[in-house]
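Peer 1: Predicted structure and sequence below. I'll ask about it afterward.
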Amino acid sequence: MVISHLIKKQTYFDSVTLMLIGSQVKKLPGIDSTVVGMCTDYNIDSLKRLSMYQSAFDGLTPNDLIICVKAADKQTADAGIAEVEKRLASRKQPSGSAELPPSSQEEAASRLPEANMVVISVPGEYAAREAEQALNNGRHVMLFSDNVSIEEELKLKTLGVSKELLVMGPDCGTAIINGTPLAFANAVRSGDIGIVAASGTGLQEVTSTIHRLGCGITQAIGVGGRDLSEKIGGKMTLLATRALAEDPATKVIVMLSKPPAESVLKTLYAELKNVGKKIVIYFIGADPKAIEAQGFIAAHNLEDAAIKACDLSTGKSHNSEMSEDQIKKAAASSKMNGKHLRGLYSGGTLCDEAQRLLLPVIGEISSNTPVKGCKEMPDVYKSSGHCIIDLGDDNFTRGKAHPMIDPAYRSERMLQEIADPDVGLIIFDVVLGYGSHLDMAGEMVAAIEEGRKKSGRKPLLAACICGTREDPQNYAQQQKILEDAGIKVFPTNVAMVSFARHCLERNK
Amino acid sequence: MLKDFFGKKVKVINLGIASFAEDLRKQGVETIHTDWRPPAGGNKKIQALLDKVASWQSKVKSAKGAR
């Protein structure tokens, strides 16, 4: 193997752009590994781990770009470097902009002084600083960055509350504010349902389902997964709920979260009782009876939260897009040629939901993100038994783009699961919307066909599509690509999991 | 008030992932993408000093404004 490298001093690109290009170039023939990244501690560690570190990297800073390619021969490695450069050159200038972009938030604000939202996805160690600056200048914040400490989060949210400004995050992947989808969000029509969520794909699944059922939303406010922890005290959830309570356009409020800390729950319930609007609550994994006992409407899963919100919005009854009979019929005509189930999820909340719904049926499930009653996988890279995996979890995304953007690892894992003689059914999600890959169905089908060809195995496959027909990916086309490859397609995760449950029961 | 923000046009400053700005522009949302890079060349000590200076400058500015 030969290693070629290129250093570009004082050249900065965001991590997603670099990771995607690195992953695309790695697929080229003869290339073994690529590291395309800023000279951060993490990337230095990766280079050392892959035995690609060069003495020329000594003394570089996080503002310097490293392109490093390991390949079968020098010509291929050099061609890999050239390919990375070519792809970077096409990304440097954002489309539609003739002048050079501003280099700081201050400069950006001077060019667009009426900006009212700052979307921050810089490395976590710098994110709080930028968020504080935005809040101090009277702007709302969507904080996509992770690795922001809980102390920083508390400080930012205290500041946000004092100024009545949103701090959505940290680690907030999705929001729809005043009809504008931010980061990973779906194209959802306007309506009268307001949502506050501490769950990214949960929010996408509920908003998309509401849209497909014919209703719409006022706001979908992401608050970050830790907002209802004891330390943060639900600061943003409370601020957002009060605002939705006072918003004349919002008729129904939906709240999605993991069960809040006990101390926060008391304050939250007291606040919600004064709202005077219909409220649907889905505390993932909590007992719905405890919520109903407080006088609220409890949802049993994400699809149910959407249906109940639509019922309250319109005063009419809504049904699941696919009836239980249709699902049973689909399962009755499907045969598993192996005993075990594998779930390959890109959405964390969808992965949780699948575990919770299937655990009572199949008894033993392993996961890298186990819910109560499920087992922790001893090795997240090797499945055994029934396994439901969140491929968007930190284990899989350190130094790599999220599987909603970059299908590379999920494709690899798909091949592995198809080849496993114990596997009879594989379920997976295809999350559409802004920010997501433009042809995830095509990428998954390519991997599935390769897996089938290499292993000679054809386990049963089922997918759910989280999205709307207005999303940039073309919902109908994505569905057709999956169906043409013999994959059963479901409108929600709940429907897909119900299909899996029937298949597993029939094959017991 | 936050409720007064509801219904207004969202105008965005984007720091970090460039594709977020591209998606917003495609939807007709007024957006400015920043060619962000770690402040002070990634040197945390210098960054902390610069933050102190900025905070001091902002205090001086508001004190002058209050006079």
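Peer 2: Thanks, I have it.

Peer 1: hey, let's count contacts and neighbours off CA atoms from now on
Peer 2: Will do.

Peer 1: Tell me the buried residues in stretch A:308-320?
Peer 2: A:K308, A:A309, A:C310, A:D311, A:L312, A:S313, A:H318, A:S320 (16 or more other CA atoms under 10 Å in any protein chain shown).

Peer 1: quick one: buried residues of the lowest-mean-pLDDT helix or strand in chain B?
Peer 2: Least confident helix or strand of chain B, by mean pLDDT, DSSP states H and E, is helix B:44-66 with a mean of 77. Across helix B:44-66, burial judged by 16+ other CA under 10 Å covers B:Q47.

Peer 1: and if you look at stretch A:490-505?
Peer 2: Buried residues in stretch A:490-505 (16+ other CA under 10 Å): A:490-504.

Peer 1: Give me the subset of these lying in helices.
Peer 2: In helices, defined here by DSSP state H, the members of these are A:N493, A:V494, A:A495, A:M496, A:V497, A:S498, A:F499, A:A500, A:R501, A:H502, A:C503, A:L504.

Peer 1: Run through those residues and flag the ones next to chain B.
Peer 2: Among those, no residue sits close to chain B (CA under 8 Å from any CA of the partner chain).

Peer 1: Name the nearest of these relative to chain B.
Peer 2: Nearest to chain B out of these is A:N493 (CA to the nearest CA; 25.9 Å).

Peer 1: So for the closest one, what's the nearest residue that isn't a sequence neighbour?
Peer 2: A:C464 (5.6 Å; CA to CA, 6 or more residues apart in numbering or on different chains).

Peer 1: how far does the host helix or strand of that neighbour sit from the chain's center?
Peer 2: For A:C464, the host element (DSSP states H and E) is strand A:460-466. Counting by CA atoms, centre = their mean, to the nearest Å, strand A:460-466 is centred 16 Å from the centre of its parent chain.

Peer 1: Would you give the sheet partners of that strand, along with the direction of each?
Peer 2: Sheet pairing of strand A:460-466 (DSSP bridges) gives strand A:423-431 (parallel), strand A:488-490 (parallel).

Peer 1: contacting residues around A:K400?
Peer 2: A:K400 sits next to A:V16, A:M19, A:L20 when contact means CA atoms under 8 Å, 6 or more residues apart in numbering or on different chains.

Peer 1: residues in contact with A:I177?
Peer 2: A:T218, A:Q219, A:A220, A:I221, B:F6, B:V10.

Peer 1: who wins for most neighbours among those?
Peer 2: Of all the contacts of A:I177, A:A220 has the most neighbours under the rule other CA atoms under 10 Å in any protein chain shown, reaching 30 neighbours.

Peer 1: Which segments of the chain make up each domain?
Peer 2: You didn't pick a chain, so chain A it is. Here the domain parsing of chain A from automatic domain parsing is A:2-92, A:105-314, A:324-506.

Peer 1: ah, I was thinking of chain B
Peer 2: As given by automatic domain parsing, the domain ranges for chain B are B:1-36, B:39-67.

Peer 1: between the buried residues of stretch A:490-505, which is closest to B:Q47?
Peer 2: Of all the buried residues of stretch A:490-505, B:Q47 sits closest to A:N493, with 45.5 Å by CA to CA.

Peer 1: pLDDT score for the most centrally placed residue in chain B?
Peer 2: Nearest to the geometric centre of chain B sits B:I13, at 6.9 Å (CA atoms, centre = their mean). For B:I13, the model assigns a pLDDT of 98.

Peer 1: Pairing partners for it in the sheet, please.
Peer 2: Taking DSSP bridges as the rule, B:I13 bridges to A:V118, B:I32.

Peer 1: highest average neighbour count across the strands paired with strand A:460-466?
Peer 2: Of all these, strand A:423-431 has the most neighbours on average by mean count of other CA atoms under 10 Å in any protein chain shown, namely a mean of 25.

Peer 1: Following element in sequence after that strand, please.
Peer 2: helix A:440-455.

Peer 1: and A:T180, backbone torsions?
Peer 2: phi -100, psi 120 (degrees, to the nearest 10).

Peer 1: surely it meets B:V12?
Peer 2: No. Under the criterion of CA atoms under 8 Å, A:T180 makes no contact with B:V12, lying 10.2 Å away.

Peer 1: Counting neighbours, go ahead and name the busier of those two.
Peer 2: Comparing A:T180 with B:V12 by other CA under 10 Å, the one with more neighbours is B:V12, at 27 against 21.

Peer 1: just checking, that one touches A:V119?
Peer 2: Yes. Applying CA under 8 Å, one finds B:V12 in contact with A:V119, separated by 6.9 Å.

Peer 1: quick one: contacts for A:M52?
Peer 2: Contacts of A:M52 (CA under 8 Å, 6+ apart): A:I3, A:C68, A:K70.
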